[in-house]
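Peer 1: sequence and predicted structure below; questions after.
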Amino acid sequence: QKEVEQDPGPLSVPEGAIVSLNCTYSNSAFQYFMWYRQYSRKGPELLMYTYSSGNKEDGRFTAQVDKSSKYISLFIRDSQPSDSATYLCAMSAWGATNKLIFGTGTLLAVQP
Amino acid sequence: GAVVSQHPSWVICKSGTSVKIECRSLDFQATTMFWYRQFPKQSLMLMATSNEGSKATYEQGVEKDKFLINHASLTLSTLTVTSAHPEDSSFYICSNQDADREGNEQFFGPGTRLTVL
């Protein structure tokens, strides 16, 4: 079993839809949770960073962490064609090696 | 977010030659830098972790003599692919981490596409 599981998609939605992206994980030591967006042939861009459980909102993006269920989500409201990209979840435990464990990424296509 | 640059953005080389890729942290001091490779439609694969002034720590299966990493300063790390072969063709991405931040966010460069003929 992988430490982080993420549905690779592809996920296709119409413009304006609410998008829900999810990851599950198995390591209860993870405390830092991130979502990255990666456009084709570009480096990943940090979208959201959350520490421990709870919600965080930034514009059209909302990140949720449920540590009891080992489940994290990213919601995109009023999705736009420019949101079409691969979304990667990443997480790490406190201290130690500082390495991030990535999901495989979900390919999102927002149709105009 | 922090700004990370990579150079070159793409390179084509002949089999057997060596290629050097630079990764620069432009607006903060990166105590730790990471090198990843990414094959088409796959996720990031961590190759090695380097701390400034120390030898890099390589992931299992990554040949340290083939992928030479130097992290001589807090703003510059280099990855040299020695005696490159076609199977080394990939997208190489560096990321930087600031030890002063509580979290473990990594800020990625734009990537370097290497094609070995």
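Peer 2: Nice, thanks for sending it over. Fair warning: this is a prediction, and the values are worked out from it, not measured in the lab.
Peer 1: shaky segments in the chain?
Peer 2: Defaulting to chain A. A:95-97 (pLDDT under 70).
Peer 1: if you could check chain B rather than the one you did, that'd help
Peer 2: Checking chain B against pLDDT under 70 turns up B:1, B:99-103.
Peer 1: spatially central residue in it, please.
Peer 2: For chain B, residue B:35 is the residue whose C-alpha lies nearest the centre (Cα atoms, centre = their mean; 3.3 Å).
Peer 1: contact partners for that one?
Peer 2: B:23, B:46-48, B:50, B:67, B:69, B:77, B:79, B:92-94 (Cβ atoms under 8 Å, 6 or more residues apart in numbering or on different chains). For every residue, glycine as well, the C-beta is placed using N, CA and C.
Peer 1: okay, and the beta partners of the residue of chain B found nearest chain A?
Peer 2: Residue of chain B nearest chain A, by Cβ to the nearest Cβ: residue B:108 (3.9 Å). Here residue B:108 sits in beta bridges with residue B:95, going by DSSP bridges.
Peer 1: for it, list the residues it contacts.
Peer 2: Here residue B:108 is in contact with A:36, A:43-46, B:4, B:93-95 (Cβ under 8 Å, 6+ apart).
Peer 1: now the residues you listed: which count as buried?
Peer 2: Buried subset of those (neighbour count, 16 or more other Cβ atoms under 10 Å in any protein chain shown): A:36, A:43-46, B:4, B:93-95.
Peer 1: just the element for the residue of chain A at minimum distance from chain B, please.
Peer 2: Here chain A gets closest to chain B at one residue, residue A:43, 3.9 Å apart by Cβ to the nearest Cβ. Using DSSP states H and E, residue A:43 sits within no helix or strand.
Peer 1: again, but for the one 5 residues further on
Peer 2: Using DSSP H and E, residue A:48 sits in strand A:45-51.
Peer 1: which bits of chain B sit near chain A?
Peer 2: B:1, B:4, B:6, B:32, B:34, B:42-44, B:46, B:49, B:57, B:91, B:93, B:95, B:97, B:102-111, B:113 (Cβ under 8 Å from any Cβ of the partner chain).
Peer 1: so of those residues, which ones are in strands?
Peer 2: Per DSSP state E, strands hold the following members of these: B:4, B:6, B:32, B:34, B:46, B:49, B:57, B:91, B:93, B:95, B:97, B:107-108, B:113.
Peer 1: now do the buried residues in the strand holding residue A:48.
Peer 2: So strand A:45-51, judged by 16+ other Cβ under 10 Å, has buried residues A:45-50.
Peer 1: and chain B, is it touching that?
Peer 2: Yes - remark: strand A:45-51 sits within contact range of chain B at A:45-46, A:49, A:51, by Cβ under 8 Å from any Cβ.
Peer 1: the inter-axis angle of that strand versus strand B:90-97?
Peer 2: 40 degrees (axes from the mean of the first three to the mean of the last three Cα atoms, to 10 degrees).
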